[in-house]
Structure formats: C-alpha cells, structure tokens
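**Student:** Task: produce atomic coordinates for the following.
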Amino acid sequence: MTYTPKSSPPPPGPGLPVLPAVPAQTAPPAPATPPTPPTAPRRTAFAEGLDQLRSAATTEPGRLRIIGALLALLVVAFGAVTAWQMTDRAAAADDVLTRSQPLSSDAADIYRSLADANTAASSGFLAGGQESAATRDRYERDIRTAAEKLVNAAANAEPGSPSTATIAKLNKLLPEYKGLVERARTYNRQGFPVGGAYLRYANEKMQQQMLPAAEDLYTKENQRLSADYADATPYPWAAIALGVAALAALAWAQHRNYRRTNRVLNHGLVAATATATVVLLWLVVGHTLARAGLNDSYDHGVRSLNVLHDARIASLKARGNENLTLVARGAETKKVGKKTYDAYDYDFGREIKALASKLAAAEKLADDTSGERPVTAAVGNMTEWKKRHTAARAQDENGNYQQALDRVIGPEGATGECFDSVDDNLRTALAHEETEFRRAAGDGRDALTGMPAGVAVLAVLGAAGAVLGIGRRLSEYR
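**Tutor:** Residues are numbered from 1 along each chain as shown. From the prediction side, this is the model:
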C-alpha cells in the first residue's frame, strides 16, 4: 500500500487572484436568556383610592361628590366635638352644684363641729357638777354631726385617695377624744384635779391631730371644687374653630355654586348653613351664660363661704382657748421672745386677730344688704367680746377666779353671750351665701341643659342638608 499525501492547493499562477484563507467553520453561540423584568410592588388600597380621587376630581360631578363628602364630614365633626366638649362641661358644672361644693361645706362642718364640741366640753367642765343640759346637748349634737358628715364624706370619696385616709384617721380619733372627755367629766364631778389633765389631753388630741386632719380634708375638698370649676368654665375653642371652619366651607360651596349656575340659593346648603349657625350660636351663647353663672357662683358664693367658714372656725378656736385658760389656771405657758404668756390666752389673742381679719374680708365680699348685715353685726359682737375678755383676764390675774369665771360662762354679761352672737350671725351669713351660690351655679348649669343632645341632632340634619344640596346639583348631570 502506497501512502499518497494530500495535495496542497497549487500556487497561484500568473493572472489568477489570490483568495483569502477561509477559517474553519464553528457552531454559532447560543442566544443569551433575556433578564426577567422586576415585578412592580403591589399598590395599597389608599394609593389606588387616591388615584381614583384624582381621576374623579378632573370632572365636575366628581368634584361635587368630593365637596359634598367633605362638607358632611366637617359638619358632623363640628357637632361631635361640640357635643363631647359640652357634655364634659355640663357634667363638671353639675358636680360643682351637687357634689364638690356640698362636700366642701361638709368638710367645713366637720371642722366646725369638732371645734365646737371641744368648746362645749370645756364650757361644761368649767361649770363643774352644774353643767347645763344645753351645754351637754350641744356637745353631743356636735359629735353626732361630725360622725354623720364623716360617713357622707367617706361615701363620696374616691377609694384609695388621700381624702379616704384622712377620713379613716378622723373616724379612729373621734371615739378616743370622746372617751377622754368623758373621763374628764367623771373626775371633775368627783372633785379630782386629774379631770383638768384629762381635758387638756383631750384638747391636745383635738388641736394637734383632729383639727389639722379636718383642715386637711377641707383643703382637699376645696381643691376638688376648684378642679371642677376649671373643667366647667374654659371656652370650647376646638368646637368653636370647627364651627367657623364649617360655616366658611359652606359659604365657599354656595359661592362656587352661584358662580357656576348663577343660582343664588341651594336649599340643602342653606339648610346646612342654618343648622351650623344655630349650633355655633347656641354653643357660644350657652357657654358664655354658663361661664358667667359659674364665675358668679364662685366670686359671690364660694369665696364668701370659704371666708365665713374660716371666720366661724376662728371664733370657735378662740372660745375654746378662752375656756381652757381658766381650766389650766396657768399650768400651760408659752415663751415668745423674752416674754412668757399663758399658752391658751396667747392662742386666744391670735385667733381673735384671725377672726377680725376674716370678718373684714367677708364684709368686702358681701354684695348685698342681706349678706352684709349679719357680718357687720358679728364685727360688733367680736369687739364687745374682746372688751369682756380683757375684764375677765384682769379678774383672773388678780386672783378673783370666780369673778373671772362668771365673766366667761356666767348667765349675763359674759363673753359666752358675745361668742354665741358671733356664731349665730355667721350662721345666718353662711345660709345667705349658700343660697346665692346655689342660685348662680344652678343658672350656670341650666344654661348647658340639653345642649349636647340638641347639637348632635342639628349636626346630623346639617350634614344631611349638605349631602342633599350637592345631590341636587349632581342630578343635573344625569
């Protein structure tokens, strides 16, 4: 077998063109896979709704529907906020009249009853075995009144509040104090000097524990009363602002309607405007009257009541100290500066000064003759009381104990007559100011009566009027 080599292409001969070498054939590359386009994020319902709203706003019917919905929403919001704010203020005004002020007066009565019981106990002790039935009855009545008022205060106090703790403390101390007084009376009837020590101990418990606790309760109830006034009197600015905005929007819608249709009135929009106007006027006028009544009840009622309560308490404390001056017979002293005073007589002078200050303030606050007359009479009684007290102290310091005693608890010309007159006149003044408070606070509360419910009804009617008014315009496009 002979191997024959492959022949190579012949060299180009003369006159023949040179052809380029043809490269070897290769398979074409596979086409590239096109990338998957990214998936668009899913749109929220809010965004789709906004697009639909924009699309609707490009046509007049769509714009009218949007305007009608906004007007109805604004009127309803105005009515809802007004009803909410006036409900709160009406409730606070009712609390002022029926809850917080009566409880404040009860707290003052607790203090007064305790102080008066202490005064009656010392007066009865000074009489020895000749204690009158009237003095004994007065003491028992004061103790009973204090106990009843404490029960009422406990029923109306919020569980776990500081007032509840104070009331519990007074309920615990009251029987302890009464037990000390009974021991003092028992030993006094038997002629034992230890009776005076028991009475001083009872007075110490009253002055250092019970009266401060009662004063703390009185302060807390006054703070509660002030808080109710603060909730009832502020202007409802949010409701007023929404009312102005609703009226402005309704006016704009009617003006727009007039410019496009040349029609002056749209019955539905006019009805909505009328109801919104009534609600706004009712809100402003009603709240202004309520605020005026409540402010008047505070300025000419609560302030006078507080001052008169303080004056009555000062007179009771002064009378108690005056009696204890004779009970102690100089056993209790107080050093002020370089001078030493009888402790109870020194406290008497301090309380008389407080009484004079409170009576002067009560005279300034009295706004009519009926309120001023008993206060002026109490000032005269206090002046006479001071004169008689000075005479009694002079007798006691000269060693005339019996004469001093007669000038304090005697049947005629005694300081006890002046104290009783002061107390009676202050009671009359308190009754008058209580009546003034109830009248003014009642007027303030009544000015808000029915407003929340009436406003809610009018707001619904106004919103319906706006929708019907816009619906009338939409019917023209069908």
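**Student:** buried residues in the helix or strand where Leu281 lies?
**Tutor:** Assigned by DSSP states H and E, Leu281 belongs to helix 267-297. For helix 267-297, the neighbour count (16 or more other C-beta atoms under 10 Å) marks 268-269, 271-273, 275-277, 279-280, 282-283, 286-287, 290-291, 293-294, 296-297 as buried. Backbone N, C-alpha and C define where each C-beta goes, glycine included.
**Student:** Not counting its neighbours along the chain, what's nearest His389?
**Tutor:** Distances taken as C-beta to C-beta, 6 or more residues apart in numbering place Thr415 nearest to His389, at 5.3 Å, with adjacent residues excluded.
**Student:** which regions of the stretch 201-350 of the chain lie under the pLDDT threshold?
**Tutor:** 262-264, 330-331 (pLDDT under 70).
**Student:** circling back to that earlier point, after the helix holding Leu281, which helix or strand is next?
**Tutor:** As assigned by DSSP H and E, the chain's next helix or strand after helix 267-297 is helix 303-328.
**Student:** Report the inter-axis angle for that following helix versus helix 267-297.
**Tutor:** Inter-element angle recorded for helix 303-328 and helix 267-297: 20 degrees (by axes from the mean of the first three to the mean of the last three C-alpha atoms, to 10 degrees).
**Student:** helices and strands around helix 303-328, which ones?
**Tutor:** With contacts taken as 3 or more C-beta pairs under 8 Å, 6 or more residues apart in numbering; DSSP states H and E, helix 303-328 sits against helix 101-126, helix 194-205, helix 211-232, helix 343-365, helix 369-397, helix 401-409, helix 415-446.
**Student:** Is Thr119 in contact with Asn321, as I believe?
**Tutor:** No: counting by C-beta atoms under 8 Å, Asn321 is not a contact partner of Thr119; they are 9.2 Å apart.
**Student:** Compare these two and say which is more crowded by neighbours.
**Tutor:** The residue with more neighbours, out of Thr119 and Asn321, is Thr119; 29 against 25, by other C-beta atoms under 10 Å.
**Student:** Now do the phi/psi pair for Gly450.
**Tutor:** phi 80, psi -10 (degrees, to the nearest 10).
**Student:** Same question for Lys335.
**Tutor:** Taking degrees, to the nearest 10 as the convention, Lys335 sits at phi -100, psi 120.
**Student:** So the closest residue to it other than its chain neighbours: helix, strand or coil?
**Tutor:** The shortest distance from Lys335 to any non-neighbouring residue, by C-beta to C-beta, 6+ apart, is to Tyr341 (7.7 Å). Following DSSP: H, G, I helix; E, B strand; the rest coil, we place Tyr341 in the strand state.
**Student:** OK, contacts around Tyr341?
**Tutor:** Applying C-beta atoms under 8 Å, 6 or more residues apart in numbering, we find Tyr341 in contact with Thr333, Lys334, Lys335.
**Student:** Closest one to Gly371 out of the residues you listed, please.
**Tutor:** Lys334 (37.2 Å; C-beta to C-beta).
**Student:** ok so that closest one is a strand residue?
**Tutor:** Yes: using three-state DSSP, the assignment for Lys334 is a strand.
**Student:** What count of nearby residues applies to it?
**Tutor:** Counted with other C-beta under 10 Å, the neighbours of Lys334 add up to 13.
**Student:** Enumerate every residue touching it.
**Tutor:** For Lys334, the contact set (C-beta under 8 Å, 6+ apart) comprises Thr340, Tyr341, Asp342, Ala343, Tyr346, Asp347.
**Student:** could you list every residue that touches Gly410?
**Tutor:** Counting by C-beta under 8 Å, 6+ apart, Gly410 makes contact with Gly416.
**Student:** give me the element the residue nearest to Thr275 when sequence neighbours are not counted is part of.
**Tutor:** Of all residues not flanking Thr275 in the chain, Gly462 sits nearest, at 3.6 Å (C-beta to C-beta, 6+ apart). Gly462 is located in helix 451-474, with elements delineated by DSSP H and E.
**Student:** Do I have it right that the residue nearest to Thr275 meets Leu269?
**Tutor:** No: the pair Gly462 / Leu269 is not scored as a contact, 9.9 Å apart, by C-beta under 8 Å.
**Student:** Setting the sequence-adjacent residues aside, check what's closest to Tyr346.
**Tutor:** Closest to Tyr346 by C-beta to C-beta, 6+ apart is Lys334, at 5.1 Å.
**Student:** Please name the bridge partners of the one you found.
**Tutor:** Beta-bridge pairing for Lys334 (DSSP bridges): Tyr341.
**Student:** where does it sit relative to Asp95, distance-wise?
**Tutor:** Using C-beta to C-beta, to the nearest Å, Lys334 is found at 44 Å from Asp95.
**Student:** do Ala343 as well
**Tutor:** 43 Å.
**Student:** Please apply the same query to Lys205.
**Tutor:** Counting by C-beta to C-beta, the gap from Lys205 to Asp95 is 34 Å.
**Student:** The two: which is more packed in?
**Tutor:** Asp95 (20 against 17).
**Student:** neighbours of the nearest residue to that one once chain neighbours are set aside, just the number please.
**Tutor:** Nearest-residue entry for Asp95: Asp228, 4.7 Å, with adjacent residues in sequence omitted and distances by C-beta to C-beta, 6+ apart. With neighbours defined by other C-beta under 10 Å, the count for Asp228 comes to 21.
**Student:** Ok, Asp94 next?
**Tutor:** Neighbour count of Asp94, defined by other C-beta under 10 Å: 17.
**Student:** By residue count, tell me the biggest helix in this protein.
**Tutor:** When the chain is parsed with DSSP state H, its longest helix is helix 60-95.
**Student:** Buried residues of it, list them for me.
**Tutor:** Within helix 60-95, the residues that count as buried by 16+ other C-beta under 10 Å are 62, 64-65, 67-68, 71-72, 74-79, 81-87, 89-95.
**Student:** can you check stretch 362-375 too?
**Tutor:** In stretch 362-375, counting by 16+ other C-beta under 10 Å, buried: Ala362, Glu363, Leu365, Ala366, Gly371, Glu372, Pro374, Val375.
**Student:** And stretch 391-398, by the same measure?
**Tutor:** Ala392, Arg393, Gln395, Asp396.
**Student:** Just the C-alpha atoms of it, please, in CSV.
**Tutor:** The C-alpha trace of stretch 391-398 is given here as CSV (Å, rounded to 0.1, in the frame of the first residue of the first chain):
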residue,chain,number,x,y,z
ALA,A,391,-62.0,92.4,132.0
ALA,A,392,-62.2,88.6,132.8
ARG,A,393,-58.5,88.2,132.4
ALA,A,394,-57.9,91.1,134.8
GLN,A,395,-60.0,89.4,137.4
ASP,A,396,-58.2,86.1,137.0
GLU,A,397,-54.8,87.7,137.2
ASN,A,398,-55.8,89.5,140.4
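**Student:** neighbouring contacts of that stretch?
**Tutor:** For stretch 391-398, contacts defined as C-beta under 8 Å, 6+ apart pick out Thr325, Leu326, Asp345, Tyr401, Gln403, Ala404, Arg407, Val408, Thr415.
**Student:** Mind picking the two most distant members of the residues you listed?
**Tutor:** Largest separation among the contacts of stretch 391-398 by C-beta to C-beta: Asp345 and Gln403, giving 16.5 Å.
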